[in-house]
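Participant: Below is the structure, and that's it, no one-letter string:
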């Protein structure tokens, strides 16, 4: 199956979550065992042999991909969650949204200084969330070896916010 075929595994939902947005629904890709396996295999292939210590992923869809990638790379998995969702001491970063702010957190002992970190998420849009994750990882002195996305919406130019890091996007719209 080629990447064009992977695009066909993603369902477009018009006007979700609000009028004028064309939502890229990955649940159809996740439900199709061939598409899901190919997507994971291609992401894993890109980072195999890079000696990744930790895979960091943001809730919720990022967890689906990040956990599988961490397992196959023999790395630890670090969840990044919204404020108040983690049960222990946390480091936080607050970032700007289109309307207001949001806060992400990671456990205080999640990453050791110098560990090689791969960030995995489902979608790169404006780049704000993952840029916040890079800021959070810097608090730990982690070495960001790469950032991998299942989908990139190129017209939103989110990659520009991540220009200091190697970014890999499997599917581009």
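Facilitator: Received, thanks. Keep in mind that what you see is a predicted model, and the values were worked out from it rather than measured. Residues are numbered from 1 along each chain as shown.
Participant: Next, give phi and psi for the residue lying closest to residue 46 once chain neighbours are set aside.
Facilitator: Setting aside the residues directly before and after it, residue 46 is nearest to residue 168 in space (C-beta to C-beta, 6 or more residues apart in numbering), at 5.4 Å. For the C-beta atoms, the positions are set from N, CA and C on the backbone; glycine is no exception. The phi/psi pair for residue 168 (degrees, to the nearest 10) reads phi -120, psi 130.
Participant: gap between residue 168 and residue 138?
Facilitator: Using C-beta to C-beta, to the nearest Å, we find residue 168 at a distance of 20 Å from residue 138.
Participant: Residue 69 too?
Facilitator: With C-beta to C-beta as the criterion, residue 69 and residue 138 are 21 Å apart.
Participant: Those two: who's more crowded?
Facilitator: More neighbours surround residue 69 than the other of residue 69 and residue 138, with 22 against 11 (other C-beta atoms under 10 Å).
Participant: To which secondary structure element type does the more buried one belong?
Facilitator: helix (DSSP: H, G, I helix; E, B strand; the rest coil).
Participant: So what sits opposite residue 116 in the bridge?
Facilitator: In this entry, residue 116 is beta-bridged to residue 143, by DSSP bridges.
Participant: Could you pull up the contacting residues of it?
Facilitator: Taking C-beta atoms under 8 Å, 6 or more residues apart in numbering as the criterion, residue 116 is in contact with 50, 51, 52, 53, 54, 142, 143, 145.
Participant: Can you report how many residues lie near the closest residue to residue 162 other than its chain neighbours?
Facilitator: Excluding its sequence neighbours, the residue lying closest to residue 162 (C-beta to C-beta, 6+ apart) is residue 127, at 5.6 Å. Residue neighbour count, defined by other C-beta under 10 Å, stands at 20 for residue 127.
Participant: what's the answer for the one 3 residues further on, then?
Facilitator: One way to gauge burial is a neighbour count; for residue 130, by other C-beta under 10 Å, it gives 27.
Participant: and it, what element?
Facilitator: Here residue 130 sits within helix 128-139, counting by DSSP states H and E.
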